[in-house]
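> Here is my input; please provide its structure:
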Amino acid sequence: MLHNSAKGPLILVADDSRDVRRNLQKLLEYHGCRVCTADDGQGALEAIRRHPPDLVLLDVNMPRLDGLATVRLLKADRDVGHIPVILLTALSGAESLLHGLDAGADEFLSKPVDEPELLARVRSLLRIKQQHDRLRDYQDHLAQLLRISEQLLTRLEPQQLLSAIVELATQHLGFRRCIVTVLDPQTGILKVGAVAGVSDRKTVAALTRTTYRWAAVQALLRPEYRISESYLIPDETPVRNRRNGHKPATPVGNEWRPQDNLLVPLRATGGTLYGFLSFDTPHDGLRPGVEQIQLLELFAHQAAAAMQNAHLYADLHQQYARYVGPVVAAQLTARTAAGPPAPPVEQDVVVLFSDLRGFTALSEGLSPQELVNEVLNPYFSHMTDVIVAYDGMVDKFLGDGIMALFGVPQKRGDEAARAITAALAMQEAFQPLQAEWHARLGRDIGMGIGLASGKAIVGSIGSSHRTDYTAIGSVVNLASRVTDLTPTGQVWATAELKLLAETYLLAHPAAGPRYPITFRPLMPTTIKGTSGMQSLYVCLVNT
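Okay, here's the model as predicted:
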């Protein structure tokens, strides 16, 4: 029998002789094939384009379009050129054979055909065609997997990523339901992270609350269930049988049973196991073969890589969030996660410096441990909280001082007003620390804050061994010099920064309550490193 599918292979017979067509059709149908016919080459091409067969038997001498011309046109068509062709001819001799093979035919037989030889050639070419179709399907599925895997790499928030994994799996991988379970390596618990293919909300809620002990799951992963890297755990529920009573059910052929479960590991490069994809209810109702499971595993590897990226993203975001607000942290993390850091760029920025007054004298009377634990750590902690609250970025700690940036990595327009308001809030938050240090250490410690605005080179700057996200430029030096002049308890700003803040508040009256600031001019001052006299302003809370 010539079985190529559940219905048998489809073979096109094209011959201008009705008797030949009828005889070949009877022969092939007797051996399990489906047969369609055409009486010339033109009709054969039309039939092939309507419903591509698995194999073509083609007579050489036919009206309108002969067999040689037909096979040339067929093989030149990218969509159907892979279909095998056997040329049949009453002509004999090597020259006819060469013409047929040169035209692109896969086999060449002389009439009258020898039936056993014809059937043997048909079987051989159908096997080749079947292998070709499997390879093409595999390549198509692989290309599809690469396309859908690219969508996972854009999901950096963990829960969004898990939801995307199961949704893409049910849409493209041949199963009606998919569940992702995530392994916590510290507790050894597998928790359901997302579900797709279940419409009942109560069931979804119950599933997402479900947890499993990793040790218990490992006990299910028996060697006899393993296929490639995955485990097809069979439904072994006993069923009632009249003759044999209760016995483990055996699927009919390759049918999927209700309690079957396919577990595919989410294992990233390096071997880290993030959990499992659980597949259930295939669309075709059949248990998957090795090739299909391997495709599922490719998707799972890509999903695990995306989960790994999401973990790195979360860690990076947490590190940034220690020094900047959540909005700025998300922007910086997204830039870093997108690939190698972009080169530093020139942009407008507001620079803030704070500096402790009386710190040098204090440090001479305290041990290094007392100085760090009693003074510096509380000071940095409280001031960082204020800077982050106003979406500023702590650039660095400088001994007893802080450098912070506003307007990075992206400008919002309110940087000047926001930075000045943050500086005034820092002075307010500093007062309880100042009182505590006076009471406990007997020392008066003050803080001055200076601000300036201007252009700077901003970005990742450093060497291959160490880089910092920072700002470089004359505005940084200017802000530092202004801070050196600022008395304890005050906030000073340059004229340019004052103008930027006032311009923003005039254009946005509703922002006034959010940034309640005013200014008092100072005498023009000479600042080291600048030319001429500089106008500076004391920043005050507008009551």
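> all contacts plus neighbour counts: C-alpha atoms, from now on.
OK.
> Could you tell me which residues make contact with Gln347?
Lys455, Ala456, Ile457, Val458 (C-alpha atoms under 8 Å, 6 or more residues apart in numbering).
> wait, which of those is closest to Ala501?
Nearest to Ala501 among the contacts of Gln347 is Lys455, at 16.0 Å by C-alpha to C-alpha.
> Quick check: Thr89 touching Lys111?
Yes: the pair Thr89 / Lys111 is scored as a contact, 5.5 Å apart, by C-alpha atoms under 8 Å.
> Could you tell me which residues touch both of the two?
By C-alpha under 8 Å, 6+ apart, no residue touches both Thr89 and Lys111.
> what about the two, which has more around it?
Neighbour comparison, Thr89 and Lys111: the larger count goes to Thr89, with 21 against 12 (by other C-alpha atoms under 10 Å).
> I'd like to know how far that one sits from Asp348.
Per C-alpha to C-alpha, to the nearest Å, Thr89 is found 83 Å from Asp348.
> Same check on Gly512?
Taking C-alpha to C-alpha, one finds Gly512 at 23 Å from Asp348.
> In strands only, show me the contacts of Gln347.
The strands, defined by DSSP state E, take in Lys455, Ala456, Ile457, Val458 from the contacts of Gln347.
> Next up, the contacts around the second one.
Right, Ala456. Neighbours of Ala456 in contact, by C-alpha under 8 Å, 6+ apart: Glu346, Gln347, Asp348, Val349, Ala471, Ile472, Gly473, Ser474, Val475, Val476.
> Just the element for the fourth one, please.
In this case it means Val349. strand 345-357 (DSSP states H and E).
> does the nearest residue to Ala300 once chain neighbours are set aside count as helix, strand or coil?
Closest residue to Ala300 apart from its sequence neighbours, by C-alpha to C-alpha, 6 or more residues apart in numbering: Leu266 at 5.3 Å. Look at Leu266: counting by DSSP: H, G, I helix; E, B strand; the rest coil, its state is strand.
> Same question for Ile83.
coil.
> Go ahead and confirm it touches Leu57.
No: counting by C-alpha under 8 Å, Ile83 stays clear of Leu57, with 10.8 Å between them.
> Just want to know which of these two has more residues nearby.
Leu57 (25 against 22).
> Backbone dihedrals for the more buried one, both of them.
phi -100, psi 120 (degrees, to the nearest 10).
> before we move on, what about Asn373?
Dihedral angles (degrees, to the nearest 10) for Asn373: phi -70, psi -40.
> Equivalent analysis for Ala306, please.
The phi/psi pair for Ala306 (degrees, to the nearest 10) reads phi -70, psi -40.
> Would you check how far apart it and Leu312 are?
Separation of Ala306 from Leu312 (C-alpha to C-alpha) stands at 10 Å.
> Please apply the same query to Gly473.
Taking C-alpha to C-alpha, one finds Gly473 at 32 Å from Leu312.
> Where does pLDDT dip in the stretch 401-543 of the chain?
In the predicted model of the stretch 401-543 of the chain, residues 464-467 satisfy pLDDT under 70.
> Please enumerate the strands of it.
For the stretch 401-543 of the chain, strands defined by DSSP state E, counting those that start in this stretch occupy the ranges 401-406, 446-462, 467-472, 491-494, 517-521, 525-526, 533-534, 536-541.
> Any idea how far apart the tips of stretch 205-214 sit?
21 Å.
> Flag every buried residue along that stretch.
Leu207, Thr208, Trp214 (16 or more other C-alpha atoms under 10 Å).
> With pLDDT, distance to Thr488 and secondary structure as new columns, can the residues you listed be given to me in JSON lines?
Below are the buried residues of stretch 205-214 laid out as JSON lines (pLDDT from 0 to 100; distance: C-alpha to C-alpha, whole Å; DSSP: H, G, I helix; E, B strand; the rest coil):
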{"residue": "Leu207", "pLDDT": "86", "distance to Thr488": "60", "secondary structure": "helix"}
{"residue": "Thr208", "pLDDT": "86", "distance to Thr488": "56", "secondary structure": "helix"}
{"residue": "Trp214", "pLDDT": "91", "distance to Thr488": "59", "secondary structure": "helix"}
